[in-house]
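*Asks:* sequence-free structure coming up:
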DNA sequence: TCTTTATCTGAGCTTTTGCTCGACAATCGG
DNA sequence: CCGATTGTCGAGCAAAAGCTCAGATAAAGA
């Protein structure tokens, strides 16, 4: 007869934390994994190291995560969730018929906020960790929604809002990513560059050829 | 007494191909590795698979490459070499006091050419394979040189050529990468987007606030 | 307090995979 | 044509890393 009721019978179901200490264990595991990734990269990440750094045993890791990938997935999911939340907040700032300056400012400051968070970790996540199909679709959906929302705000300022919005969004995302994430450690002149980025997007929006 | 003279004594020196058939073996190995990366990603790449797909034995792989990483390094080095060659060619197009339109056109078409080559492979290389410090420095140097060259051409068209050139280069690189590499398989409207990209860069260069 | 449930432990099993090595085959030089 | 050199082969070794499990400990419940 089975000795334990809830844990697992043959390698599958992960335990759901209920007591406070187990909650802390889960967080310690996630934090340890994130720090190892940020400091040493994906190649250095293994479950034994995670357990040691989190101050728990390897067994505990597998009580809460079915496998190694699930740990990284949770880190990734939390980042995506922050992006989605930030999108919802920023969308409000585009409600009352904003002018080009406002649109550009909201867009750039939004991506800067997103990319300022734990740059080393996200550098590794974006350049060393392969996303699952589901995660790729979630990223694509967030991008599509952002473009759609910006296109709406651009209705009076462009004769092809969707294309214009695509340029604005992709540029703000890619450049803030490059300066804040890829160049993490080269603080250079974040202020100057983001300011210049706004100038470029504004020029694109307002200048007639 | 040692049986073989050149091969290796204790695991280090890789053989240098001299006969035609061994040259073909090396190319087959590199091609197989590239195809596996492009089709299945870094996680699916192992030396036994590479050998099988290349139609050679695992022993042959280690005759020409000291370890697995060296195979990927060679693929990476060839791509970097193409980028550097393309830079030298394009630099010539910026010699005779080019106008903003010319500068933008050369820049965008250069990055488009670079990113059109084997998009799936390079998507994996840029999002799953960790670069060595040396490779990162080589990429940084190429970027710095490109910016410097563009800044020179901009001398008469900007009061801060270096900052302006940084925006132009990083934007052209990042956006063409996103549309041609990340979105590989979504051919969408490459023509339209790169055209719009040129419009944006041109507006930034020529419009006064 | 005593039972039950929740959580934690870590030695070690198992699988994966990078890589070696001794033998064999092809090509070349003279 | 016949050594010498270059190139090929693939079973299997060894290390790394993912993961399991039986039992110990802590908290909750009665």
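*Replies:* Now that the structure is in, tell me what you want to look at. If you're wondering where the values come from, they're calculated on a predicted model, not measured in any experiment. Numbering: from 1, shown residues only, chains lettered A, B, ... in the order given.
*Asks:* do you know how far residue A:159 is from chain B?
*Replies:* Noted for residue A:159: a distance of 12 Å to chain B, by CB to the nearest CB, to the nearest Å. In short, each C-beta sits where N, CA and C put it, glycine included.
*Asks:* ugh, wrong one, residue A:59
*Replies:* Counting by CB to the nearest CB - residue A:59 and chain B are separated by 25 Å.
*Asks:* May I see the buried residues of the strand or helix carrying that residue?
*Replies:* Take DSSP states H and E as the rule and residue A:59 turns out to sit in helix A:58-64. Within helix A:58-64, the residues scored as buried using 16 or more other CB atoms under 10 Å in any protein chain shown are A:60, A:61, A:62, A:63, A:64.
*Asks:* Pipe the residues you listed into JSON lines and attach distance to residue A:111 per row.
*Replies:* Listed next are the buried residues of helix A:58-64 as JSON lines, based on distance: CB to CB, whole Å:
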{"residue": "A:60", "distance to residue A:111": "37"}
{"residue": "A:61", "distance to residue A:111": "34"}
{"residue": "A:62", "distance to residue A:111": "37"}
{"residue": "A:63", "distance to residue A:111": "37"}
{"residue": "A:64", "distance to residue A:111": "33"}
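*Asks:* so which of those comes closest to residue A:113?
*Replies:* residue A:64 (30.1 Å; CB to CB).
*Asks:* Look at the residue nearest in space to the middle of chain A and give its secondary structure.
*Replies:* Chain A has residue A:79 as the residue nearest its centroid, 3.6 Å off, counting by CA atoms, centre = their mean. Of the three states, residue A:79 takes helix under DSSP: H, G, I helix; E, B strand; the rest coil.
*Asks:* Please tell me I have it right and it contacts residue A:122.
*Replies:* Yes: the criterion here is CB atoms under 8 Å, and residue A:79 meets it with residue A:122 at 6.8 Å.
*Asks:* Can you tell me the element residue A:70 falls in?
*Replies:* Residue-wise, residue A:70 maps onto helix A:68-92 under DSSP H and E.
*Asks:* ok, whichever helix or strand comes after that helix near chain B or not?
*Replies:* Following helix A:68-92 in sequence order, the next helix or strand is helix A:100-116 (DSSP H and E). No: figure legend: helix A:100-116 not in contact with chain B (CB under 8 Å from any CB of the partner chain); closest approach 10.4 Å.
*Asks:* returning to what we had before: next, work out how far apart the residue nearest to the centre of chain A and residue B:119 are.
*Replies:* 25 Å (CB to CB, to the nearest Å).
*Asks:* hmm, back to that, run through the neighbouring helices and strands of the helix holding residue A:70.
*Replies:* helix A:20-40, helix A:47-54, helix A:100-116, helix A:119-128, helix A:133-154 (3 or more CB pairs under 8 Å, 6 or more residues apart in numbering or on different chains; DSSP states H and E).
*Asks:* quick one: which of those helices is nearest residue A:191?
*Replies:* Distance to residue A:191, taken as CB to CB, is lowest for helix A:100-116 among those, at 10.1 Å.
*Asks:* Run the angle between the closest one and helix A:133-154 for me.
*Replies:* Relative orientation of helix A:100-116 and helix A:133-154, computed by axes from the mean of the first three to the mean of the last three CA atoms, to 10 degrees: 160 degrees.
*Asks:* If we go by neighbour counts, what in helix A:100-116 is buried?
*Replies:* For helix A:100-116, by 16+ other CB under 10 Å, it's A:100, A:103-112, A:114-115.
*Asks:* Among those, pick out the one closest to DNA strand D, please.
*Replies:* For the buried residues of helix A:100-116, the residue nearest DNA strand D by CB to the nearest atom of the strand is residue A:115; the value is 27.7 Å.
*Asks:* ok, the spatially closest residue to that closest one that is not a sequence neighbour - contacts?
*Replies:* Distance criterion CB to CB, 6 or more residues apart in numbering or on different chains; nearest residue to residue A:115, sequence neighbours excluded, is residue A:180 at 4.2 Å. By CB atoms under 8 Å, 6 or more residues apart in numbering or on different chains, the contact list for residue A:180 reads A:112, A:115, A:116, A:119, A:190.
*Asks:* Could you find the closest non-adjacent residue to the third one?
*Replies:* Okay, so that is residue A:116. residue A:180 (5.7 Å).
*Asks:* Likewise for the last one?
*Replies:* In this structure, residue A:190 finds its nearest non-sequential neighbour in residue A:179, 6.2 Å apart by CB to CB, 6+ apart.
*Asks:* In three-state terms, label the one you found for me.
*Replies:* Residue A:179 ends up helix, using three-state DSSP.
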